[in-house]
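pasting the structure only:
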């Protein structure tokens, strides 16, 4: 388990993190989202041991990060927002260098390199110089570098920022594969990315954690009504009358062969579910709407 216990971080008089307390279970994928300058990168740099907290304590596996920094860093892989890669070596040489730094035996390192390059789709670029790589290829190589020592915890800081849609999709698929066996902390500006990949979301603003829960629980807490478009084989007057008399169910729109309803609970849809439905579409606002409710109006 990763635990931030009343952690604050100052840069001069500026308080970048303000008494953050958060617990991350082993094997979980956690999203850290917030506006620019909210403290996201500060939080993950503290987690990686790059910065030390001004106040509070960070525990990983029950051990104090500051007191056991060298030991704990061996189980963390970090992909910074703008990874710096040496230009002159080949992809294979770069990974070999970092693998040896982490103490991987020479007789095992080539196999490890081949496995990682295959995993990120760069197996045919092993002997290419890093200087010849596109931005997307560099990002995938940087992910390989972060994984070379087989860390238990992986921290991604904006892994798809500035990448084309196809490369971004590949990286999200890759993160999904890693979820099966790693603890992942994902810092991202993209709400749909956090919603798609993460078990829980921490929304941070002005150095404070505003909310921390599953996507569904956040929606339930901050979006009071759910919206559905429901296609009906037959539009019955009797059904419309029943809906209008149901306390927590109201009709937003009636189309030729569909209705749009708002409700506070799925249970209120029982009258609809008894009918012949041609399609059922959830129009409930996304995580982005929760984010805007919590921090949007204060950051306009």
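All right, it came through fine. Keep in mind the model is a prediction, meaning the values are calculated, not measured. Residues are numbered from 1 along each chain as shown.

Next one, pLDDT for residue 267 please.
Residue 267 is assigned 67 on the pLDDT scale.

what's the answer for the one 4 residues further on, then?
According to the per-residue confidence, residue 271 scores 62 in pLDDT.

swap in residue 167?
82.

which residues touch it?
By Cβ atoms under 8 Å, 6 or more residues apart in numbering, the contact set of residue 167 is 136, 139, 140, 160. Any C-beta I mention is one placed from the backbone N, CA and C, and that applies to glycine too.

which residues of the stretch 201-300 of the chain fall in helices?
With DSSP state H, counting those that start in this stretch as the criterion, the stretch 201-300 of the chain has helices at 215-222, 237-244, 270-273, 287-291.

Lowest mean pLDDT across the ones you listed, which one is that?
Ranked on mean pLDDT, the bottom entry among those is helix 270-273, at a mean of 64.

do you know how far the closest residue to residue 258 other than its chain neighbours is from residue 277?
Among residues not flanking residue 258 along the chain, residue 231 sits closest, at 4.7 Å (Cβ to Cβ, 6 or more residues apart in numbering). Note on residue 231: its distance to residue 277, by Cβ to Cβ, to the nearest Å, is 6 Å.

if I pick the nearest residue to residue 116 once chain neighbours are set aside, what's in contact with it?
Among residues not flanking residue 116 along the chain, residue 144 sits closest, at 4.2 Å (Cβ to Cβ, 6+ apart). Shown in contact with residue 144 (Cβ under 8 Å, 6+ apart): 91, 95, 113, 116, 117, 119, 120, 122.

Between which two of those is the distance greatest?
Across the contacts of residue 144, the longest distance by Cβ to Cβ is 12.9 Å; it joins 91 and 119.

Please say which of those two ends up with more neighbours.
Comparing residue 91 with residue 119 by other Cβ atoms under 10 Å, the one with more neighbours is residue 91, at 28 against 16.

Return the distance of the more buried one relative to residue 142.
According to Cβ to Cβ, residue 91 and residue 142 sit 11 Å apart.

And the strands in the stretch 151-300 of the chain?
With DSSP state E, counting those that start in this stretch as the criterion, the stretch 151-300 of the chain has strands at 153-157, 183-187, 200-205, 208-213, 226-232, 249-254, 258-263, 277-282.

As a markdown table, those with mean neighbour count and distance to residue 67 would be great.
Below are these laid out as a markdown table (neighbours: other Cβ atoms under 10 Å; distance: least, Cβ to Cβ, whole Å):
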| stretch | mean neighbour count | distance to residue 67 |
| --- | --- | --- |
| strand 153-157 | 23 | 18 |
| strand 183-187 | 24 | 21 |
| strand 200-205 | 24 | 25 |
| strand 208-213 | 18 | 24 |
| strand 226-232 | 17 | 47 |
| strand 249-254 | 14 | 57 |
| strand 258-263 | 18 | 52 |
| strand 277-282 | 11 | 48 |
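
export the helices of the stretch 201-300 of the chain to TSV and tack on mean neighbour count and distance to residue 33?
Converted to TSV, those look like this (neighbours: other Cβ under 10 Å; distance: least, Cβ to Cβ, whole Å):
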stretch	mean neighbour count	distance to residue 33
helix 215-222	16	11
helix 237-244	12	36
helix 270-273	14	34
helix 287-291	21	6
